[in-house]
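Peer 1: turn this into a structure:
(chains A and B)
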There are 2 protein chains.
Amino acid sequence: MKNLINGGYKGGIYPIHPKADEILGKKVYKSVKDIPGEVDIAVFAIPASLVAGALIECGEKKVVGAILIPSGYAETGNMQGQEEIQAIGQKYGIRLMGPNIYGFYYTHANLCATFCTAYDVKGSAALSSQSGGIGMSIIGFSRSAKMGVSAIVGLGNKSDIDEDDLLTFFEQDDNTQIIAQHCEDLKDGRAFAEVAKRVSKKKPIVVLKAGRTSAGAKAASSHTGALAGNDKIYEDVFNQSGVIRARSLRDMLEFARGIPVLPTPKGENVVIITGAGGSGVLLSDACIDNKLSLMSIPPDLDAAFRKFIPPFGAAGNPVDITGGEPPITYVNTVKLGLEDPRIHALILGYWHTIVTPPMVFAKNMVEVKNEMKAKGIEKPIVASLAGDIEVEEAADYLYQNGIVAYAYSTEIPVAVLGAKYKWARGAGLL
Amino acid sequence: MKNLINGGYKGGIYPIHPKADEILGKKVYKSVKDIPGEVDIAVFAIPASLVAGALIECGEKKVVGAILIPSGYAETGNMQGQEEIQAIGQKYGIRLMGPNIYGFYYTHANLCATFCTAYDVKGSAALSSQSGGIGMSIIGFSRSAKMGVSAIVGLGNKSDIDEDDLLTFFEQDDNTQIIAQHCEDLKDGRAFAEVAKRVSKKKPIVVLKAGRTSAGAKAASSHTGALAGNDKIYEDVFNQSGVIRARSLRDMLEFARGIPVLPTPKGENVVIITGAGGSGVLLSDACIDNKLSLMSIPPDLDAAFRKFIPPFGAAGNPVDITGGEPPITYVNTVKLGLEDPRIHALILGYWHTIVTPPMVFAKNMVEVKNEMKAKGIEKPIVASLAGDIEVEEAADYLYQNGIVAYAYSTEIPVAVLGAKYKWARGAGLL
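Peer 2: I've put the predicted structure just below:
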């Protein structure tokens, strides 16, 4: 109730309780059936033993959706209890979310139907998790990284609504541009593959499949009764349906954050422009790891880059502008990289110096990007920042302004670009 | 000069300059030979063309170490210039660091012989890099993560001092407990393997070998002229000499930070204790990824865990205490895990709830750890924290108090534990 009210939901909120008269200033009803008018959705925060009765009343009231937060069902071996509520849902045509979930958020309606902390950074990523703990990590990371979110959804025991239902919903949800899902199993792999294949053509789908390993699968079975299954089959399903598979929780979160920020590349030619030669080497390794193609630079382009860099710098790819250069060298080379139609994406390696301090670099890069955007040129740009702690503020500024940037990492920015490419290829855009 | 003075170095600092009389309040000498008394080390911050002459003067003054910051040698094709200074070094018995480096830090002597920002968080990790940009990432990350550092060293063109020389030095340096090195090549793989094999028995060695891939190797050749070589050979050298190989810059930094914090495990039995079942599954996957053995729990231990957890929780491994538990459940199960001699390491999965807020969890865990330490029980503990942003402060507190903890990640804490195990196995301690 507190989350629903403090979250700022504008629709009617009706508490149901057998004894109370008023909860947080709202009039209390003894049954959902006593509420005047239609009810869209019922949020259950009562013991499992009381759910079935209240769910029948929802059915009689023609409520079409139930958020079943209570636990004590299949995950504790209570299959009968879960089947009972499934039968009620089917009989009355109520779609069930859960049971055994933290609830859900839909930020664009200011709807916090959850027992977790309220979350309100509106954006375009819809995330779901089978587990409450992972859901809380999603919330914390999102807030910390200022990742805009359209929805966070708990799926828990998936007695009815599961991953492919969410894909179908978010497919047509204009507030959602990317869908990221954590799951321990897929109840219906065929249905998921079919829906994911269609949806991934329009919106990127990232999946973190937990229980990849034998030990993980055993833990999943004990956690949610999930049959984690043969990972090879999951791998095939994800590959065939254009899903970007995250290998770790942090990858899932970084992909969900970064992919919508980057424009879709128009081709495979990636160019690294770096002030730090050492970063250039590690960024090159990361390109191979993430299946990106380092463009082989034609002679005229090589000559064009050389005009801007010192004689001991290196054109080629990486373009090594060397460490002592002023901001204008970054500006000129990046502008060239954006303007030349043969180049499709840029990876920047920045090296913190007195000549080009972190925020000066960041502001210059955002200016160049915006200047090009005004001319109709949009390409994905990611950046790796090497320097003292001031680079953290610079990375943050770059990210908030459309350049996916990380401090102290050469691999994460390239992995995000690789994920964007993987999606674009699967969607037939390349 | 500013860094040397502001860094707090207590020894004599003598500026050499042909024209100035005073620099930053210090009397200036025209030549190193004019300085009264002995000189330990000369820091070069002059153009490459002037280095040879000044280096000869150092030789005549019997200076035994030269820090060659200037660039313009092998990395730009000036092999002759580099051979010239190498010959001078050999003739006079001067050990050369560089050229083409950012210098070095030795924090325990407050020595900042570098053009980068001053760094002063004393600790036990000695880091080196072939590249200046990577050196700056080391500084920034170290400061941000409050990683204690004994030394940060630039190796650049490695005309004389290289990775195995540093291993030999840090082997006998009591301020150093772990050595982490970024390199693009090894000039003498045999010497490295021999020294690393000996040193890694005493102190963990982490290596990030850049230029792993064909594209990376090409970039390395253009950057430092490094012959990055066949990666399979490097892999064998690292494996045979007990070196922990980092696959990414962030891994190298996290390993250098975390490994010295963890006590050495006495056996292979790892137990996961988690409040979040979903984290338990991902932590199990991460154990397999990082070659850790999830202990199979004997019946008596299973029964002992069950005494503390709710009936719908799961003993086994992970021990799933479930999400709604108060701090005492974490305390009791972790205490049991530390006290039972059959268990050798703990992985904690925390789930942020109102019943057990992040800092309450963190303080309780540190108390239990310290209570056990007072009884002579020390085991490595790592933790994954799932929750809203308050978990970041809790992770920080845990880390500063000897528990390697991360927010929003199930994989990084396990990777650090895996690296500690890898070292302990290689050193014959398991």
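Peer 1: wait, what's in contact with the spatially most central residue of chain A?
Peer 2: With distances taken as C-alpha atoms, centre = their mean, A:Ala256 lies nearest the centre of chain A, 2.3 Å away. Neighbouring residues of A:Ala256 by C-beta atoms under 8 Å, 6 or more residues apart in numbering or on different chains: A:125, A:127, A:147, A:178, A:180, A:206. For glycine as for every other residue, the C-beta is placed from the backbone atoms N, C-alpha and C.
Peer 1: just give me the closest of those residues to chain B.
Peer 2: A:Met147 (11.1 Å; C-beta to the nearest C-beta).
Peer 1: so what's that closest one closest to, chain neighbours aside?
Peer 2: Counting by C-beta to C-beta, 6 or more residues apart in numbering or on different chains, A:Arg257 is the residue found nearest to A:Met147 once chain neighbours are left out, at 4.2 Å.
Peer 1: chain center to the helix or strand hosting the one you found: distance?
Peer 2: Assigned by DSSP states H and E, A:Arg257 falls within helix A:249-258. Distance of helix A:249-258 from the chain centroid (C-alpha atoms, centre = their mean, to the nearest Å) equals 6 Å.
Peer 1: could you give the mean pLDDT of the helix or strand following that helix?
Peer 2: Of the helices and strands lying after helix A:249-258 in sequence (DSSP H and E), the nearest is strand A:269-274. Strand A:269-274 shows an average pLDDT of 98 in the prediction.
Peer 1: strand A:269-274 pairs with which strands, and in what direction?
Peer 2: As defined by DSSP bridges, the strand partners of strand A:269-274 come to strand A:293-294 (parallel), strand A:319-320 (parallel), strand A:345-351 (parallel).
Peer 1: can I get those in JSON lines with mean pLDDT?
Peer 2: As requested, the strands paired with strand A:269-274 are exported to JSON lines (pLDDT from 0 to 100):
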{"stretch": "strand A:293-294", "mean pLDDT": "98"}
{"stretch": "strand A:319-320", "mean pLDDT": "96"}
{"stretch": "strand A:345-351", "mean pLDDT": "98"}
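Peer 1: can you put the ones you listed in JSON lines and add mean neighbour count?
Peer 2: Formatted as JSON lines, the strands paired with strand A:269-274 follow (neighbours: other C-beta atoms under 10 Å in any protein chain shown):
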{"stretch": "strand A:293-294", "mean neighbour count": "19"}
{"stretch": "strand A:319-320", "mean neighbour count": "27"}
{"stretch": "strand A:345-351", "mean neighbour count": "28"}
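Peer 1: just send those back as a markdown table, with distance to A:Ala20 too.
Peer 2: Putting the strands paired with strand A:269-274 into a markdown table (distance: least, C-beta to C-beta, whole Å) gives the following:
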| stretch | distance to A:Ala20 |
| --- | --- |
| strand A:293-294 | 64 |
| strand A:319-320 | 68 |
| strand A:345-351 | 58 |
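Peer 1: quick check: which of those is nearest to A:Ile88?
Peer 2: A:Ile88 lies closest to strand A:345-351 among the strands paired with strand A:269-274, at 51.7 Å (C-beta to C-beta).
Peer 1: report the distance from that closest one to the chain centre.
Peer 2: That offset, for strand A:345-351, works out to 23 Å (C-alpha atoms, centre = their mean).
Peer 1: quick check: next helix or strand after that strand?
Peer 2: helix A:358-374.
Peer 1: against which helices or strands is that following helix packed?
Peer 2: helix A:327-339, strand A:345-351, strand A:381-386, helix A:390-400 (3 or more C-beta pairs under 8 Å, 6 or more residues apart in numbering or on different chains; DSSP states H and E).
Peer 1: now what about that helix, what contacts it?
Peer 2: By C-beta under 8 Å, 6+ apart, helix A:358-374 touches A:327, A:330-331, A:334-335, A:338-339, A:348, A:350, A:352, A:378-379, A:381, A:383, A:385, A:387, A:390-391, A:393-395, A:397-398, A:401-403, A:405.
Peer 1: equivalent analysis for stretch A:218-237, please.
Peer 2: With C-beta under 8 Å, 6+ apart, stretch A:218-237 has contacts from A:74-75, A:100, A:130-131, A:156-157, A:184-186, A:189, A:192-193, A:196, A:209-213, A:216-217, A:243, A:245, B:272, B:277-278, B:280-281, B:283-284, B:314, B:316, B:318, B:320.
Peer 1: of these, which belong to strands?
Peer 2: A:209, A:245, B:272, B:320 (DSSP state E).
Peer 1: rewinding a little: which among the contacts of helix A:358-374 end up buried?
Peer 2: For the contacts of helix A:358-374, a burial check counting by 16 or more other C-beta atoms under 10 Å in any protein chain shown picks out A:327, A:330-331, A:334-335, A:338, A:348, A:350, A:352, A:378-379, A:381, A:383, A:385, A:387, A:390-391, A:394-395, A:397-398, A:401-403, A:405.
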